[in-house]
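Enquirer: build me a model from this:
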Amino acid sequence: MADAGPQREIRIRPAGRPGDLGWVLMVHGEVYDSEFGWNHEFEALVARIVADFAGSHDPAREAGWIAEVDGKRVGCVFLVDAGKPAVAKLRILLVTPEGRGFGIGSLLVDECLRFARSAGYAEVVLWTNDVLASARRIYQSVGFTLVDEKRHHSFGKELVGQDWTLRLR
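Expert: Take a look at the predicted model:
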């Protein structure tokens, strides 16, 4: 029987420590460039999302989480109001290569949906791209439904954007 290696400490915590938001921006730029060749346009999109959250989020209705393995940041997700009654938006889910294989993406999405329910949202929506297969599998596993797809040129690539929705009640 193979040795499973040392036990890892996995933790999902609220985003809010110094450096968390800067890390979210930096890691998105680095990972999406390395894995998909996406350019600075993607990092600019993430910067706007992070800046909007930092500047004016309602803590009773919006939150972000950081995943850590052995005290090192390895993932994140955010939930923000979508600007429609009782609708929230899941944003910028990411797990770094070092954090993969521990189920962290699912833990982050579960925490996000738990918060959405407790905040009184009836629906969670998200936008992603079809090349993000691992994230899509997580979304499908918790009941998100694909509602629209559109080809677009963004981040220096030809992509297929996808809109997903999940009814919470």
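Enquirer: buried sites along stretch 11-24?
Expert: Within stretch 11-24, the residues that count as buried by 16 or more other CB atoms under 10 Å are 12, 15, 20-21, 23-24. In this view, the C-beta of every residue, glycine as well, is placed from N, C-alpha and C.
Enquirer: pLDDT averaged over that stretch, what's the number?
Expert: Here stretch 11-24 scores 97 as its mean pLDDT.
Enquirer: show residues contacting it.
Expert: Stretch 11-24 is touched from outside by 46, 50, 53-54, 63-69, 73, 76, 78, 92, 94, 104, 107-108, 111, with contacts defined as CB atoms under 8 Å, 6 or more residues apart in numbering.
Enquirer: dump it to CSV, restricted to CA.
Expert: Taking Å, rounded to 0.1, in the frame of the first residue of the first chain, the C-alpha atoms of stretch 11-24 are listed here in CSV:
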residue,chain,number,x,y,z
ARG,A,11,-8.8,25.7,5.6
ILE,A,12,-11.4,28.0,4.0
ARG,A,13,-11.5,31.4,5.6
PRO,A,14,-13.0,34.8,4.8
ALA,A,15,-11.0,37.0,2.6
GLY,A,16,-9.8,40.1,4.5
ARG,A,17,-6.3,39.7,5.7
PRO,A,18,-3.7,42.1,4.4
GLY,A,19,-2.5,40.9,1.0
ASP,A,20,-5.6,38.7,0.2
LEU,A,21,-7.0,40.9,-2.5
GLY,A,22,-3.7,41.6,-4.0
TRP,A,23,-2.9,37.9,-4.0
VAL,A,24,-6.3,37.2,-5.8
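Enquirer: residue 6 sits in which helix or strand?
Expert: If you go by DSSP states H and E, residue 6 is not part of any helix or strand.
Enquirer: what's the longest strand seen in the chain packed up against?
Expert: In the chain, ranked by residue count with DSSP state E as the criterion, the top strand is strand 72-84. Contact here means 3 or more CB pairs under 8 Å, 6 or more residues apart in numbering; DSSP states H and E; on that basis strand 72-84 packs against helix 20-36, helix 40-56, strand 63-69, strand 87-95, helix 104-118.
Enquirer: many thanks, have a good one.
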